[in-house]
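# Okay, sequence plus prediction incoming.
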Amino acid sequence: MTFATTRLGRVADARLGRQRSPQSHDGPNMVPYLRSANVSPGQLLLEDIKEMNFSPAEQRVFVLRLGDVLVTEGSGSRETVGAPAVWDDSIVGPVCFQNTLVRLRPGPRLDHAYLYWWARHAHGSGLIAEAAGGQSILHIGAETLRDLEVFLPPLGEQRRIANFL
């Protein structure tokens, strides 16, 4: 069976998280946020969660939704750059993300579980590492992720593939 391919950015939103700065360490809108230390291939590590001040407008942009795929943006290792995990609403309330992560959010033509398994494949196969730039620290920004190719079977088939995996 042959499926059409497209660029990830045509079927999913890829957004880099908010940069941490000294003025965001305190404020009236302290919110838990995830960073690369909270993402390991296939799992969230939620023992050490930090907080940062995100204005209500920033929260609308950087809040995580159930099923969002988080990908580590940078690493000193080809094996760990682009490690994916799925946000599962483990923490109650708004949770945002820092710029050490890229959030992938599927559009209407892409199933969230299929997107996660695509990200696992892109990481495990070295596709992300090959696309990453940098010398001692590799970076896979949102723009580079948007340009990666993804197979796009019909939604029903995407769900069957994800359920099988």
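Structure received.

# Under the pLDDT cut-off, which ranges of the protein? List them.
Where the chain drops to pLDDT under 70, the residues are 1, 76-77.

# how far away is Thr5 from Ala113?
Remark: distance between Thr5 and Ala113 (C-beta to C-beta, to the nearest Å) = 19 Å. Every C-beta, even on glycine, is put in place using the N, C-alpha and C of the backbone.

# ok, these two, which is more surrounded?
Ala113 (18 against 9; other C-beta atoms under 10 Å).

# now the more buried one, nearest residue through space, not along the chain?
Ala162 (3.6 Å; C-beta to C-beta, 6 or more residues apart in numbering).

# which helix of the protein spans the most residues?
Longest helix of the chain, by residue count under DSSP state H: helix 112-124.

# List the contacts of that one.
8, 12, 41-42, 67-69, 71, 82-84, 86, 104, 106, 127-129, 148, 150-151, 158-159, 161-163, 165 (C-beta atoms under 8 Å, 6 or more residues apart in numbering).

# Narrow those residues to those that are buried.
Buried members of those, scored by 16 or more other C-beta atoms under 10 Å, are 8, 12, 67-69, 71, 82-84, 86, 104, 106, 127-129, 148, 150, 158, 161-162.

# Just the ones of these in helices?
8, 127-129, 158, 161-162.

# Could you report the distance from the residue nearest the centre of the chain to Ile49?
Nearest residue to the geometric centre of the chain (C-alpha atoms, centre = their mean): Leu70, 2.2 Å. Distance of Leu70 to Ile49, computed by C-beta to C-beta: 13 Å.

# residues in contact with Tyr143?
Rather than Tyr, residue 143 is Glu. Ala14.

# helix, strand or coil for it?
Three-state assignment for Glu143 (DSSP: H, G, I helix; E, B strand; the rest coil): helix.

# And Arg78, by the same measure?
Secondary structure assignment for Arg78 (three-state DSSP): coil.
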